[in-house]
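Colleague: can't give you the sequence, but here's the structure:
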């Protein structure tokens, strides 16, 4: 899955009583666009605001602080690193809103430092004291008594010391490579015989828990335990000083596909280069670090002072996940159990999903609807059914223990034609994708790696079945990955259908992905990069030409200048436009003469809003609805294989209307974007929480009340 001011007693206020806004850095007051990178930082600030929200259960706030930290790590690894490369290369070209790479880096730095001050405040002044009151006490070594120290010393020698490797720096030992996002101890030691001082680095292995539990209530950071035993690592030496630090490196290493005969080998080479050759882009330290060590790290890592971030709190807040995992239901949201729609249930334990789909399409909405009893069950039945001839599926991100992977393997072993389109270039999941792609190949699945020059981001599955009337195709087209873990956390939609035209379109799409094809037209699907951009543009301008023109779009990001300009044009024609954009939004709403009739809101909360819904039309004329994998970004429209499917069944479009209206009515989780680019929390008046309301609706549906 952004801001709060420093108000006295803010932790006692309800979220609707705090209406913080985010002041963006614009290239010029009249700019038509907002900066992509700064808009993303605004999104992450909305995540941080959840950590600051005193109305949430305590460990939920801790979770959002960990999410904020991980989000920022990836931002530096990919986005900031790319900008720094442009600066080093002397690129002076401006983005659509008029900022050069150097100006963007400066604006990002200023914004991140402001957010860091908020992070320190919420962690040190709110979360740590409240965790202490709740019986989760985070202690330092100096706060332990003799018995506790003896216990932790024993644990150090048994569990920690054997996996540590101190690396000294001297004429015979150059400065060691510091891996990205690893936690490290910088130590300065002195030889009592010669008086010579040396620098040494001790990596905290990621296999060690970030916090060690002393008893039911008390915890100590593993870094404190290691620091207290540096004399064991450097026997006979005097420990002068020690400090924690962390380095972030460039992870935006791309594969040169045109030069790669074997894409699998090329991706493995990229991973090796990312692990060993990526440049540092950020150094995180705490306030205790001495100027001597600070300067040494900057020099050895070749970083400027502007790339060093000093925290008063804990270095590497992603380590808070170990506290979030504690068995303390009293400090967390009540668990949600997804429901199974009545059409997907049966008196026996194995409903016939193919028979269900022959009687009409099914729309599933995760995590409110169960992923296991819908999408997983669909692929599972296809794998078992002797009448199924083939299964073709695109896989962007999934998990190694996914039932879908097991079903594909079972189907291949049973003699079915099984094709898996595995996207090896899914950033940060490359190694996992390589691992289970090989497992699929070993089972006899035909594994292909997509189209050269394009990422395959479409979420599609096609099942071909022999029936009495002939060959019939069944399909699933979704907005999210085939991943059972994220299906419990991400809000996504999927259409299960036996529609002949959609099945034929998917057949053509898979032929394009697995073979040689110049398919340029599809019957019902909108496919990027061939038909999607043009059709969405046409639908926007169609509404601009209508007296009652209305557009409602829900997505993760809105960046594409041409799409933004089309929306501006529609607004100037009097079209009412509502945009629900979770993350990046480069459009400026409510600007007189430009975007008077455009409203933009963002929902950030318990579930990560991930679905894309596109609705065009009016009640009088009717609506066109699409759902799918694509955001309105240049990369999605032009450089990825994406698929949007129409939804036409009135019962299903009513559900889409319901989802959109709940999102537009939210006044608990919702933020609103203003004309100057500042996000403000919408004041709570009716108490509509999107996630709570959709859980209520799902429960009503499971009980037959809807």
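Modeller: Yes, it's here. Being a predicted model, the structure only gives us computed values, none of them experimental.

Colleague: okay, and the helix or strand of this protein with the least pLDDT?
Modeller: helix 263-277 (a mean of 49; mean pLDDT, DSSP states H and E).

Colleague: For the residue in the chain sticking out farthest from the centre, give me its contacts.
Modeller: What lies farthest from the middle of the chain is residue 193; by CA atoms, centre = their mean that is 53.2 Å. Residue 193 sits next to no residue when contact means CB atoms under 8 Å, 6 or more residues apart in numbering. (Each C-beta comes from the backbone N, C-alpha and C, glycine too.)

Colleague: Swap in 10 Å and give it another go.
Modeller: Neighbour list for residue 193: 236, 237 [criterion: CB atoms under 10 Å, 6 or more residues apart in numbering].

Colleague: number of nearby residues for residue 61?
Modeller: 23 (other CB atoms under 10 Å).

Colleague: Shouldn't it be within a helix?
Modeller: Yes: following the definition DSSP: H, G, I helix; E, B strand; the rest coil, residue 61 is counted among the residues of a helix.

Colleague: isn't it right up against residue 47?
Modeller: No: contact criterion CB atoms under 10 Å: residue 61 and residue 47 do not qualify, at 11.1 Å.

Colleague: All the helices of the stretch 501-650 of the chain, residue numbers only.
Modeller: Assignment of helices within the stretch 501-650 of the chain using DSSP state H, counting those that start in this stretch yields the ranges 532-544, 561-572, 634-638, 650-665.

Colleague: What helices and strands are in contact with the first one?
Modeller: It refers to helix 532-544. Contacts defined by 3 or more CB pairs under 10 Å, 6 or more residues apart in numbering; DSSP states H and E place helix 532-544 against strand 526-528, strand 550-555, helix 561-572, strand 576-581, strand 613-618, strand 622-628, helix 634-638, strand 640-646.

Colleague: now do 7 Å
Modeller: If you count contacts as 3 or more CB pairs under 7 Å, 6 or more residues apart in numbering; DSSP states H and E, helix 532-544 packs onto strand 550-555, helix 561-572, strand 613-618.

Colleague: by contact count, what packs against the second one?
Modeller: In terms of contact count using 3+ CB pairs under 7 Å, 6+ apart, helix 561-572 is assigned the packing partners helix 532-544, strand 576-581.

Colleague: Out of those, which one sits most buried?
Modeller: strand 576-581 (a mean of 22; mean count of other CB atoms under 10 Å).

Colleague: Show me what the strand ranked longest in the chain is packed against.
Modeller: Longest among the strand segments of the chain by residue count, using DSSP state E, is strand 238-249. Secondary-structure packing of strand 238-249 (3+ CB pairs under 7 Å, 6+ apart): strand 183-190, helix 230-233, strand 280-286, helix 291-301.

Colleague: Which of these sits closest to residue 545?
Modeller: strand 280-286 (47.4 Å; CB to CB).

Colleague: Buried residues, the closest one. List them.
Modeller: 280, 281, 282, 283, 284, 285 (16 or more other CB atoms under 10 Å).

Colleague: Need those in CSV (columns: pLDDT and distance to residue 353).
Modeller: Listed next are the buried residues of strand 280-286 as CSV, based on pLDDT from 0 to 100; distance: CB to CB, whole Å:
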residue, pLDDT, distance to residue 353
280, 95, 51
281, 96, 48
282, 97, 48
283, 98, 53
284, 98, 49
285, 97, 55
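
Colleague: now, which of these sits nearest residue 318?
Modeller: residue 284 (11.3 Å).

Colleague: low pLDDT regions in the stretch 301-450 of the chain?
Modeller: Under the criterion pLDDT under 70, the flagged ranges of the stretch 301-450 of the chain are 346-349, 400, 424-433.

Colleague: Show me what the longest strand of the chain pairs with in its sheet, parallel or antiparallel.
Modeller: Strand pairing for strand 238-249, determined by DSSP bridges: strand 183-190 (antiparallel), strand 280-286 (antiparallel).

Colleague: Determine which of the ones you listed approaches residue 585 most closely.
Modeller: strand 280-286 (25.2 Å).

Colleague: circling back: give me the mean pLDDT for the longest strand of the chain.
Modeller: Averaged over strand 238-249, pLDDT sits at 96.

Colleague: Name the residues that touch it?
Modeller: Residues from elsewhere that reach strand 238-249 (CB atoms under 7 Å, 6 or more residues apart in numbering): 73, 76-77, 178, 180-190, 192, 197, 223, 227, 230-231, 278-286, 288-290, 293, 297, 301, 315-316.

Colleague: Out of these, which end up buried?
Modeller: Among the contacts of strand 238-249, the ones that count as buried by 16+ other CB under 10 Å are 73, 76-77, 178, 180-181, 183-190, 223, 227, 230, 278, 280-285, 289, 293, 297, 301, 315-316.

Colleague: Residue 306: which of the helices of the stretch 501-650 of the chain is closest?
Modeller: Within those, the stretch nearest residue 306 is helix 634-638; the backing value is 28.2 Å (CB to CB).

Colleague: Give me the contacts around the closest one.
Modeller: So helix 634-638 is contacted by 457, 528, 529, 532, 533, 559, 560, 630, 642 (CB under 7 Å, 6+ apart).

Colleague: circling back: per-residue confidence for the residue farthest from the centre of the chain?
Modeller: In this model, residue 193 is scored at 94, pLDDT.

Colleague: my guess is it is in a helix, correct?
Modeller: No: read with three-state DSSP, residue 193 is coil and lies in no helix.

Colleague: low pLDDT regions in the chain?
Modeller: Ranges of the chain meeting pLDDT under 70: 1-30, 171-172, 252-277, 346-349, 400, 424-433, 516-517.

Colleague: what's the angle from the longest helix anywhere in it to strand 280-286?
Modeller: Using DSSP state H, we find that the single longest helix of the chain is helix 101-120. Going by axes from the mean of the first three to the mean of the last three CA atoms, to 10 degrees, helix 101-120 is angled at 30 degrees with respect to strand 280-286.
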